[in-house]
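Asker: Below: sequence and its predicted model.
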Amino acid sequence: DLHLSIRRQRQMCIRDRPAHHLWSVRARHSGRRHGCGLQGRPRPPTGPADPASRTHPALMWLAWMALASVTACAPRRAPEPERTELTAMTWNLYFQASDQPGVEEVLAQVDPDLLMLQETTAAWQARLEGLFPYQHWVPGPEAGGGVALLSKYPLESVAIHTVPGARFPAQRAVVQTPSGPIEVLNLHLIPPFGPRGSLITGFFRTKRPRYREVEALLELGVPDLACGDFNASEREASVSLFEKAGMISALPEYAPGQHTWHGPGDKDFHWRIDHCMVGPAWQTTSAQVLEVGPSDHYPLWVGLRDG
């Protein structure tokens, strides 16, 4: 039966076992004896041990020292450097919605490390400036034309770019993250409206000015991250300029089909005109558009990891 089988296995193991102490130490570490398959601590022999078979303590010490030397000299695998996740968020707030609720709740939900805002005003600044330790606000030349950069990490080399022909300023800075610096560019390109506010005529008339604006900004340096209100789809040439510079849009892979803007009072009329372009030094790990908030633009956030 089962007990008889286990007793025979145990007798075979004791019979075949070498009767010296060094083997017993190794057996306690391995828990097996010559393939017998029994786990646990080996039992000592029942009869008197042969004095000739005992191992001298000095030999035991030398054996253990040799084993320790081999273990210490074994090559160790170097630990991989830690990679830091960075959450960046862009949001055109809509300058006339500064008295509307819900923005703080969205920011608390996403908890971005870096926040790039467009259409900021003095009212928006008074409302949000206490949420981040590091920030830079730029008033616009017209109502609702401001931009802002808010961060959990220090901002350095902050610059304001006013490109000839552009309606709104662009904002550039170096953010000192725990894994190293990342250069960011906050954009609000020319909106696609004609002289009389026509979206149809403006769509075609403003393509060339947007292209020249992006071209001028990239001549000043290609950033690691460019986010904002591009007022252009991914198929437009102004956006393609970033791709030619080695940057990749985060939305097509992680949020395909999601739109970022809707018509005032008509959410069925929508478009994807807000983007985050990521340079080769960083990897996009996630991206999402949140269809929330009081603005006609939805917030867009991306998860980044240093490459």
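Answerer: Received it, and whenever you're ready, just let me know what you need.
Asker: Which residue ranges of the stretch 101-250 of the chain form strands?
Answerer: Secondary structure of the stretch 101-250 of the chain by DSSP state E, counting those that start in this stretch: the strands cover 114-120, 134-138, 146-151, 155-161, 170-177, 180-188, 225-229, 248-249.
Asker: any idea which helix or strand of this structure has the worst average confidence?
Answerer: helix 21-30 (a mean of 40; mean pLDDT, DSSP states H and E).
Asker: so where's the stretch 101-250 of the chain uncertain?
Answerer: Within the stretch 101-250 of the chain, the stretches with pLDDT under 70 are 194-203.
Asker: Mean neighbour count and distance to residue 86 added to the strands of the stretch 101-250 of the chain, as JSON lines?
Answerer: In this view, the C-beta of every residue, glycine as well, is placed from N, C-alpha and C. Shown next, in JSON lines, are these (neighbours: other Cβ atoms under 10 Å; distance: least, Cβ to Cβ, whole Å):
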{"stretch": "strand 114-120", "mean neighbour count": "27", "distance to residue 86": "7"}
{"stretch": "strand 134-138", "mean neighbour count": "17", "distance to residue 86": "14"}
{"stretch": "strand 146-151", "mean neighbour count": "24", "distance to residue 86": "10"}
{"stretch": "strand 155-161", "mean neighbour count": "14", "distance to residue 86": "14"}
{"stretch": "strand 170-177", "mean neighbour count": "21", "distance to residue 86": "6"}
{"stretch": "strand 180-188", "mean neighbour count": "23", "distance to residue 86": "7"}
{"stretch": "strand 225-229", "mean neighbour count": "27", "distance to residue 86": "9"}
{"stretch": "strand 248-249", "mean neighbour count": "19", "distance to residue 86": "16"}
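Asker: Nearest to residue 242, out of the ones you listed?
Answerer: Minimum separation from residue 242 across the strands of the stretch 101-250 of the chain (Cβ to Cβ) falls at strand 225-229, 6.1 Å.
Asker: Quickly run through the sheet partners of the closest one, with directions.
Answerer: Paired neighbours of strand 225-229 in the sheet (DSSP bridges): strand 180-188 (parallel), strand 274-278 (antiparallel).
Asker: can you pull the contacts of residue 150?
Answerer: Residues near residue 150 by Cβ atoms under 8 Å, 6 or more residues apart in numbering: 114-115, 117, 128-129, 131-132, 134-135.
Asker: Of those, just say which sits nearest to residue 246.
Answerer: Closest approach between those and residue 246, by Cβ to Cβ: residue 114, at 20.5 Å.
Asker: Return the set of residues that bridge with residue 175.
Answerer: Applying DSSP bridges to residue 175 yields these beta-bridge partners: residue 155, residue 182.
Asker: got a list of what it touches?
Answerer: Residue 175 makes contacts with 114, 151, 153-156, 181-184, as judged by Cβ under 8 Å, 6+ apart.
Asker: Take those and write them to CSV, including distance to residue 103.
Answerer: Formatted as CSV, the contacts of residue 175 follow (distance: Cβ to Cβ, whole Å):
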residue, distance to residue 103
114, 16
151, 17
153, 22
154, 24
155, 21
156, 27
181, 28
182, 24
183, 27
184, 21
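Asker: wait, which of the residues you listed is closest to residue 284?
Answerer: Minimum distance to residue 284 across those is 13.0 Å, recorded for residue 182 (Cβ to Cβ).
Asker: Which residues are in contact with the closest one?
Answerer: 86, 174-175, 224-225, 281-282, 304, 306.
Asker: biggest separation within those residues, which pair?
Answerer: Farthest apart among these by Cβ to Cβ are 174 and 304. That separation is 15.0 Å.
Asker: Apart from its neighbours in sequence, what residue is nearest residue 260?
Answerer: residue 274 (3.8 Å; Cβ to Cβ, 6 or more residues apart in numbering).
Asker: Give the bridge partners for the one you found, please.
Answerer: Judged by DSSP bridges, the bridge partners of residue 274 are residue 229.
Asker: what sits against it?
Answerer: With contact taken as Cβ under 8 Å, 6+ apart, residue 274 is in contact with 90, 92, 227-230, 260-261, 297-298, 300.
Asker: I'd like the residues you listed laid out as JSON lines, including distance to residue 209.
Answerer: Formatted as JSON lines, the contacts of residue 274 follow (distance: Cβ to Cβ, whole Å):
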{"residue": "90", "distance to residue 209": "21"}
{"residue": "92", "distance to residue 209": "18"}
{"residue": "227", "distance to residue 209": "20"}
{"residue": "228", "distance to residue 209": "16"}
{"residue": "229", "distance to residue 209": "15"}
{"residue": "230", "distance to residue 209": "13"}
{"residue": "260", "distance to residue 209": "21"}
{"residue": "261", "distance to residue 209": "19"}
{"residue": "297", "distance to residue 209": "20"}
{"residue": "298", "distance to residue 209": "25"}
{"residue": "300", "distance to residue 209": "23"}
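Asker: and which of those residues is nearest residue 288?
Answerer: Set against residue 288, the nearest of those by Cβ to Cβ is residue 300 (7.5 Å).
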